[in-house]
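K.L.:
My questions are about this predicted structure, shown below with the sequence.
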Amino acid sequence: MEIEYSKKATKVINNLDNKSKQRIKQSINGLPDGDVKRIVGKINTWRLRTGDWRILFSYTEKDTILIEKIAPRGQIYKGGGFIII
């Protein structure tokens, strides 16, 4: 499975400390396994929970995942009107 990163997600990952960076990359590389839930109201958008961090991603093609946004739990859903099921 191929994984692509948005500019925002790449910027966040590059600014993390090494321990957090490794933990998030390990979770992303393990997709679709992990604590994954669908976002209600958004077509084909999912969230992955990794500790206090949340990763929003979507399936752009059959074998491609786009990592859209990475942020701490309290900030990831602001301004997006997201509901998780």
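P.N.:
Sure thing, it's come through.
K.L.:
what residues does the strand or helix carrying Ser58 touch?
P.N.:
Here Ser58 sits within strand 53-61, counting by DSSP states H and E. Strand 53-61 has contacts (Cβ atoms under 8 Å, 6 or more residues apart in numbering) with 4, 9, 20, 23-24, 27-28, 31, 39, 44-48, 65-73, 76-77. C-betas here are computed from N, CA, C, even on glycine.
K.L.:
average model confidence for that strand?
P.N.:
In this model, strand 53-61 has a mean pLDDT of 90.
K.L.:
in that strand, what counts as buried?
P.N.:
For strand 53-61, the neighbour count (16 or more other Cβ atoms under 10 Å) marks 53-57 as buried.
K.L.:
TSV please, covering those and showing distance to Asn15.
P.N.:
Listed next are the buried residues of strand 53-61 as TSV, based on distance: Cβ to Cβ, whole Å:
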residue	distance to Asn15
Trp53	13
Arg54	16
Ile55	15
Leu56	17
Phe57	19
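K.L.:
what bridges to the spatially most central residue of the chain?
P.N.:
Centroid-nearest residue in the chain: Ile55, 2.0 Å away (criterion: Cα atoms, centre = their mean). Legend: beta-bridge partners of Ile55 under DSSP bridges are Leu48, Ile70.
K.L.:
Now for Pro72: which residues touch it?
P.N.:
52-54.
K.L.:
How many residues are close by the residue nearest to Asp52 when sequence neighbours are not counted?
P.N.:
Nearest non-adjacent residue to Asp52, counting by Cβ to Cβ, 6 or more residues apart in numbering: Arg73, 5.2 Å away. When neighbours are defined as other Cβ atoms under 10 Å, Arg73 has 12 of them.
K.L.:
tell me which residues in the helix or strand containing Lys37 are buried?
P.N.:
Per DSSP H and E: Lys37 is located in strand 35-40. Residues of strand 35-40 classed as buried under the neighbour-count rule (16+ other Cβ under 10 Å) are Ile39.
K.L.:
So Ser27 belongs to a strand, correct?
P.N.:
No - looking at Ser27 with DSSP: H, G, I helix; E, B strand; the rest coil, it is helix, so not inside a strand.
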